[in-house]
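S.K.: Coordinates for the following, if possible.
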Amino acid sequence: MSDIDESLTKGEAHPAYGMVSFSRVTCTPAREMFGSNIKHGNYISLRIKRARKGISLNREWFFGRERMIEVNLSEAQFAEMITSMNVADGVPCTIAWTPEDGMIKLPPKKETTNETFQRELKQKLANIDQQCNDVYKFALEVANAKSAKKSDRQELAKKISYLHADIFSNIPYVASAFEKTMEKTVTAAKAEVEATVKNKMFSIAQLKIVEENPEMLDFDTNGLIEIGEEKWKRA
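M.R.: Below is the predicted model:
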């Protein structure tokens with residue numbers, strides 16, 4: 001057994017030792033992701049493993065052991081995560097694997113964002129319509145009364161005030177919230193298109209480089225030494 005092979009077996013392990021990696025993933029067909037309103041054919045995968053440290057050949061070596069968690073993010077979510085640190089709870093992500101659950105699939109969406117907006121807007125308009133009817137009926141009662149009480153006039157004014165607030169405050173808020181959601185959707189879609197084009201160009205460039213320099217197939221560009229099924233990363 002070589003020094004490196006022995007370090008694989010007898011290297012130092014500790015609960016605090018870990019390895020973290022990001023990978024760019026392309027999938028067909030595109031998949032849904034938590035916190036995103038579109039399907040994604042390209043996304044970023046974060047994987048965390050427990051680690052072991054070995055010393056051989058006068059160097060430190062770090063290599064991953066069992067997987068702890070795997071998390072997927074869309075291109076837009078990944079960009080937002082690394083550019084918006086220390087903000088609330090962070091950004092949505094899709095938990096893809098845990099030791100307890102294994103591979104995890106997202107539940108099917110019951111409705112799209114557009115359908116949710118239409119349903120909520122219809123409900124809000126229905127509530128306003130009901131308020132209008134109530135105010136109209138109450139106004140008729142006050143108008144037909146021989147002598148309108150002060151309390152009735154105050155109640156009518158209150159109902160009109162509530163109706164005004166619903167029409168001129170709540171409806172614009174719903175529209176504004178929908179606009180912000182659509183802006184995020186457009187941003188995510190742009191990031192998805194950019195990622196697809198970028199990955200395609202990168203693949204074409206790789207093929208061209210290998211075609212012109214076939215000797216590069218035997219060159220390890222990542223500084224990894226591969227032994228069996230294990231990969232060691234040099235410190």
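S.K.: Where does the prediction get shaky in the protein?
M.R.: 1-10, 148, 195-196, 199, 215-235 (pLDDT under 70).
S.K.: chain center to the longest strand seen in it: distance?
M.R.: If each strand of the chain is counted by residues according to DSSP state E, the longest one is strand 12-31. Distance, stretch centre to chain centre, for strand 12-31: 16 Å (CA atoms, centre = their mean, to the nearest Å).
S.K.: Walking through the chain, point out its strands one by one.
M.R.: Secondary structure of the chain (DSSP E): strands at 12-31, 40-56, 59-74, 94-98, 102-103, 224-227, 230-234.
S.K.: so which of these gets nearest V193?
M.R.: Closest to V193 of those is strand 40-56 (CB to CB; 9.4 Å). (C-beta placed from N, C-alpha, C; glycine too.)
S.K.: Check which helices and strands that closest one is in contact with.
M.R.: helix 3-10, strand 12-31, strand 59-74, helix 75-83, helix 171-212 (3 or more CB pairs under 8 Å, 6 or more residues apart in numbering; DSSP states H and E).
S.K.: Direction included, what does the longest strand of the chain pair against?
M.R.: According to DSSP bridges, strand 12-31 has the following sheet partners: strand 40-56 (antiparallel).
S.K.: Give me the buried positions along the strand it pairs with.
M.R.: Across strand 40-56, burial judged by 16 or more other CB atoms under 10 Å covers 40-47, 49-52, 54, 56.
S.K.: For those, give me CSV that also has distance to T116.
M.R.: Shown next, in CSV, are the buried residues of strand 40-56 (distance: CB to CB, whole Å):
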residue, distance to T116
H40, 20
G41, 24
N42, 26
Y43, 23
I44, 26
S45, 28
L46, 29
R47, 32
K49, 38
R50, 41
A51, 43
R52, 47
G54, 53
S56, 58
